[in-house]
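# Kindly return the folded structure for what I paste below:
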Amino acid sequence: MKSTMVIPPPRIRVSLGIALLAIFTVAAHAQRVSVSPNFGSFYGTTSGTQTVNVFVGAPGEFQISQNQAVNVPGGTIEMPTGWTNISGHGTFTIPIQFYPNSSGGTFSGSFTATYTNSENYSQPLYVTVNYSGENMVPTANASPKYQVLSILYIAPGNASTSGFSTSQSEGATTSISQNFSNSETLAFNYGFLGVDNGVTFGSSQSQGDSSSYTTSYQTTSGSQLASTQQKMDHTQDQIYLLVDPTVTVTQTGSASGTYALGPSVDATGNFPNGTVPADILNSNVAGFRNPTQIPLNWLESQIRYSGTTLPGLKSICANPLPDSECTSQNACGCTAADFAQLIPQDELANVTSDTTSPSSIDSNRYVLVTSLFLQGPEQQGAAPVKNPYTVTDSNMSLETLSNGTSYSVGYDHKFGYGGTGPFGLQITATDTFTYSQTETAGTSTTTGHTAQVTLGTSDVGCGEYVDVYEDTIYHTFAYALPQAAPSNCQ
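Numbers count the residues shown, from 1 in each chain. Modelled structure (predicted):
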């Protein structure tokens, strides 16, 4: 909104005494301008400026003076200080700036600023600003049932172990933008941090893509998945889940927003420092196919601290039972159908032959990285031989292998749950929540994706090579034999 006030040029007298009288007289009748900038409605952190124009009938430099910034609901109103040059008669533009904060609110009020000409014959100009507007911070929350964080693949050898890296390594890169209209853009804001089975998972904005986030993992022990037989059994592959996360989208414009990943809204109790931890749980493929094989304390509510609970794996299920009714036989009401959607994230779950290369299942998903040697003791009675390795793709140049993959899950709470303000972004699917993931191999740094693996066996005289493949989604590693195992490795 703009308004214009015309200031008549001052009268200049020849006589010094008359001139002084004129200055006194004009100053006593200083001009006043009242403006009413309406900032209208805008979103969150987007600052707003309104300008008003005042026509000045004499040349000069005009100093802007405001006593203090005015705090209003949702931000601060102020005028910049400094000099504005006007060459000859002209229009003086007065900016009024609104600096928002994250609280939002409807605001109105007024303050007075003084504009004084630098020439001694000009009177001050008092501007009363009557401001109004609305700083909206609309949010929408949703709770998809889970997100697949990572997969550990079983290794060959009855004394082998497969695990994560003892140094922080990057995992899957994920986006949720496909849940919204193609004309809308989302940027990742902040994520989660949690621990499961000695593995610390976190998330941060992906390099070069503000709309995606990358999961990281690190462990103190290195290996988490132990093999118990010589032949690989992929029903023992471990799938790690972020259970019942809260996705909060904050609208920052008519077609833009930011999103964050938070803990479950179904957590109960008072957690230390008021911080609810991420609910991260894992189980193997065999358990997800037959939930009666999942340990009961993983299905039930998780008690991290006295008087607190987090949802257990049963929160994924369509008809979960109360903890008091859970038994190993009823699996807390869970069935194989409840977990059927997540098992295909492990594309090797149905592989039964050790010589089936992962790349023959999906050449974009699995890429050959290196070959390692598995050997056993030389004589009967000797201890199993265990060779530790650090597997990495740091010698490979970064390569994007496909347009990516996606999978969808149901909701515990749909978008809009617990949100604030008039959320206006268009949600394309109301029954499912979709995660999109990139498939990349190699690295643009010298660190790469790394993991710890120990190949070992008690089979006397066993010696064979094992090919190692990178999972280009989760950046863990899978294994296969390049040829049939020798007779003394079976």
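# quick one: the closest residue to Thr405 other than its chain neighbours from Arg365, how far?
Nearest residue to Thr405 in three dimensions, chain neighbours excluded: Gln437, at 5.4 Å (Cβ to Cβ, 6 or more residues apart in numbering). Using the backbone N, CA and C atoms, a C-beta is placed for each residue, glycine as well. Distance from Gln437 to Arg365, counting by Cβ to Cβ, to the nearest Å: 10 Å.
# chain center to stretch 180-199: distance?
Centroid separation between stretch 180-199 and its chain, computed with Cα atoms, centre = their mean, to the nearest Å, is 3 Å.
# Over to stretch 415-430 now: how far is its first residue from its last?
End-to-end distance for stretch 415-430: 8 Å, by Cα to Cα, to the nearest Å.
# Run through who's touching it.
The contact list for stretch 415-430 (Cβ atoms under 8 Å, 6 or more residues apart in numbering) reads 104, 136-143, 178-181, 184, 249, 251, 254-255, 257, 265, 408, 414.
# Separate out the buried members of those residues.
With neighbours counted by 16 or more other Cβ atoms under 10 Å, these contain buried members at 104, 136-143, 178-180, 184, 249, 251, 257, 265, 414.
# can you list the weak-confidence ranges in this protein?
1-31, 45, 54-64, 67, 81-90, 117-123, 222-223, 397-403, 442-447 (pLDDT under 70).
# Among the buried ones among the contacts of stretch 415-430, which are located in strands?
Among the buried ones among the contacts of stretch 415-430, the members falling in strands (DSSP state E) are 136, 139-143, 249, 251, 257.
# which stretches of the chain form helices?
Per DSSP state H, the chain carries helices over the ranges 16-28, 285-289, 296-299, 336-339, 358-361.
# pretty sure Ala102 is touching Met136, no?
Quick fix: residue 102 is Ser, not Ala. No. With contact defined as Cβ atoms under 8 Å, Ser102 and Met136 do not form a contacting pair (11.3 Å).
# List the residues that contact Arg365.
Residues in contact with Arg365 (Cβ under 8 Å, 6+ apart) are 347, 358, 401, 405, 439, 471-473.
# show me the contacts for Ser108.
Here Ser108 is in contact with 130-133 (criterion: Cβ under 8 Å, 6+ apart).
# now Phe42
Phe42 makes contact with 48, 100, 133-136, according to Cβ under 8 Å, 6+ apart.
# related to what we said a few turns ago, how about the ones in strands among the buried ones among the contacts of stretch 415-430 in a markdown table, adding distance to Thr457?
Shown next, in a markdown table, are those (distance: Cβ to Cβ, whole Å):
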| residue | distance to Thr457 |
| --- | --- |
| Met136 | 64 |
| Thr139 | 55 |
| Ala140 | 53 |
| Asn141 | 50 |
| Ala142 | 47 |
| Ser143 | 45 |
| Val249 | 50 |
| Gln251 | 57 |
| Gly257 | 53 |
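# Of those residues, which is the nearest to Thr309?
The closest of these to Thr309 turns out to be Ser143 (Cβ to Cβ; 15.5 Å).
# hmm, back to that, so of the contacts of Phe42, which two are at opposite extremes in space?
Across the contacts of Phe42, the longest distance by Cβ to Cβ is 11.6 Å; it joins Gly48 and Met136.
# Surely Ser143 is in contact with Val247?
Yes. The pair Ser143 and Val247 passes the contact test of Cβ under 8 Å, sitting 7.3 Å apart.
# quick revisit: from the contacts of Ser108, which land in strands?
Using DSSP E, these in strands are 130-133.
# PyMOL command to pick out the buried ones of those?
Command for PyMOL that selects the buried part of the ones in strands among the contacts of Ser108, burial taken from 16+ other Cβ under 10 Å:
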select buried, resi 131+132+133
